[in-house]
Structures are given as structure tokens and as C-alpha cells.
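1. Build me a model:
(one chain, ligands or ions: 1)
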Amino acid sequence: MTHPDFSFLIQLYENMDSAYDRVADQYGFLCDGCLDNCCTSLFFHHTFIEKAFLIQGFSTMTDPCRKEVRNKADDYVRQTFARDTAGQSLKLMCPLNHRGRCILYSYRPMICRLHGLPHELHPPGRGVIRGPGCDAGHFDTRAYIPFDRTPFYTELAALERQFREQQHLTGRLRQTIAQMLLDPGI
Ligand code: SF4
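-> Next up is the predicted model:
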């Protein structure tokens with residue numbers, strides 16, 4: 001892999017985090033230790049650039065930590081994909097979550113950063129998509145504070161296009177965090 005430049009992705013993540021924090025503050029919403037932890041949701045990730053960045057973060061961990069995480073990832077994958085490649089959501093904890101905290105927090109992908117708040121998305125050529133926010137927030141849909149994910153998705157798509165060109169990547173990606181950790185190549 002050609003040595004990737006993640007500076008634009010890092011800047012985009014910072015922009016997401018500050019937009020999220022601004023809206024969360026207005027709701028008085030604090031994402032901290034709820035029982036319905038979104039790190040137990042079955043999420044698939046689709047961008048090579050985010051995977052490469054996450055794997056870079058993983059490489060900074062000590063060997064024993066990486067081994068422990070890989071063991072958890074192995075369990076996660078074996079249980080989730082026991083029946084088919086579609087995977088079943090068993091509400092298993094992400095292997096990167098240790099005692100309620102993400103151990104690669106600054107490397108976590110977009111969906112981990114944006115999850116939770118009520119939001120809107122304006123896909124080109126389609127109607128607006130609205131998300132109600134997580135159950136833990138008890139958000140009142142009548143008091144919606146605008147949180148448009150579209151610019152973040154658009155910018156990430158552009159960065160992904162550039163990354164694919166630079167790295168000569170083709171094909172699709174559809175992996176959980178656990179699968180990425182067990183299959184770190186791109
Ligand atoms: S990468 Fe981190 S924030 Fe995302 S699901 Fe895993 S533990 Fe949670």
C-alpha cells in the first residue's frame with residue numbers, strides 16, 4: 001500500500017465530532033454508558049480509507065493488547081456469521097470496546113461518530129431520510145435540532161474516491177470492525 005495521507009480524513013472526523021457535540025449540547029444529551037450500547041449494534045463499514053485508518057490505529061497497540069482484541073474479534077465473527085455471510089445481530093460487544101470505552105476512539109469510523117442524534121440525510125435524487133436518534137436519548141421529534149449528515153457523507157465519499165485511486169483499489173467493502181481487525185489488508 002502506498003503510504004496514505006490521512007490528514008483530510010482526520011480533519012473531517014474533527015468536523016463531525018464538533019458538529020455532533022454542538023447539537024448534543026443543545027439537547028443536553030450525554031452519550032455515556034447507556035444499557036443499549038451502540039457498540040453492540042451490527043454495523044457494516046464500506047470505506048477502505050476508514051478501514052486503513054482504523055488498522056493504523058490498531059498497529060499502535062501493544063502485541064498483547066492486539067492479541068486480546070483479535071481473540072474477541074474471532075469470537076464475534078464466529079457467532080455473528082455462524083449461519084450465513086449476511087450475519088445476525090446478536091448484540092455482541094465490538095471487540096474494540098473495553099469496559100464501556102472504545103480503545104481506538106480517535107480512529108473510530110464515521111458511523112460510530114454520528115450515531116445517536118436525530119438527523120437528516122439528503123441523498124441525491126431521493127427524498128430526505130430522517131433518523132430518530134437512539135432510544136437512550138428519548139428525543140422529542142417535535143423539538144428536532146437540525147443535524148444534517150449529508151456534507152459528511154459527501155466529503156467522505158470524495159476522500160474514499162481519491163484513496164481508491166491512489167491505492168489502485170477496486171471492488172466493494174462490507175465489513176464489521178471485527179472482520180477488519182482479522183483481515184487487515186485492503
Ligand atoms: S469502533 Fe469503537 S466506537 Fe465503534 S463500535 Fe467499536 S468500540 Fe464502539
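2. Residues of this protein that sit close to the ligand?
-> By CB under 6 Å from any ligand atom, the residues of the chain that approach the ligand are 39, 94, 96-97, 102, 108, 112, 177. The C-beta positions use only the backbone N, C-alpha and C, and glycine is treated the same way.
3. Just the ones of these in helices?
-> Counting by DSSP state H, those place 112, 177 in helices.
4. Run through who's touching the lowest-mean-pLDDT helix or strand in the chain.
-> Every helix and strand of the chain was ranked by mean pLDDT, DSSP states H and E. The lowest is strand 101-102, at a mean of 92. By CB atoms under 8 Å, 6 or more residues apart in numbering, the residues outside strand 101-102 that reach it are 39, 94, 96, 108, 112.
5. Could you count how many residues lie near residue 149?
-> 21 (other CB atoms under 10 Å).
6. Check whether it really touches residue 118, as I assumed.
-> No: contact between residue 149 and residue 118 fails when scored by CB atoms under 8 Å: they sit 10.7 Å apart.
7. List the buried residues of the longest helix seen in the chain.
-> For the chain, the helix with the greatest residue count under DSSP H is helix 7-27. Neighbour-count burial for helix 7-27, counted by 16 or more other CB atoms under 10 Å, picks out 9, 12-13, 16, 19-20, 23-24, 27.
8. can you put the contacts of strand 101-102 in a markdown table and add distance to residue 142?
-> Below are the contacts of strand 101-102 laid out as a markdown table (distance: CB to CB, whole Å):
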| residue | distance to residue 142 |
| --- | --- |
| 39 | 29 |
| 94 | 33 |
| 96 | 36 |
| 108 | 31 |
| 112 | 28 |
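9. Buried members of those into PyMOL, please.
-> Filtering the contacts of strand 101-102 down to the buried ones (16+ other CB under 10 Å) takes a single PyMOL command:
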select buried, resi 39+94+96+108+112
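10. Would you reformat the contacts of strand 101-102 as a markdown table and include pLDDT?
-> Output for these, formatted as a markdown table (pLDDT from 0 to 100):
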| residue | pLDDT |
| --- | --- |
| 39 | 94 |
| 94 | 97 |
| 96 | 98 |
| 108 | 98 |
| 112 | 95 |
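11. where's the nearest residue to residue 38 once chain neighbours are set aside relative to residue 168, distance?
-> Leaving aside its sequence neighbours, residue 38 sits nearest to residue 115 (CB to CB, 6 or more residues apart in numbering; 4.9 Å). Applying CB to CB, to the nearest Å, the value for residue 115 to residue 168 is 32 Å.
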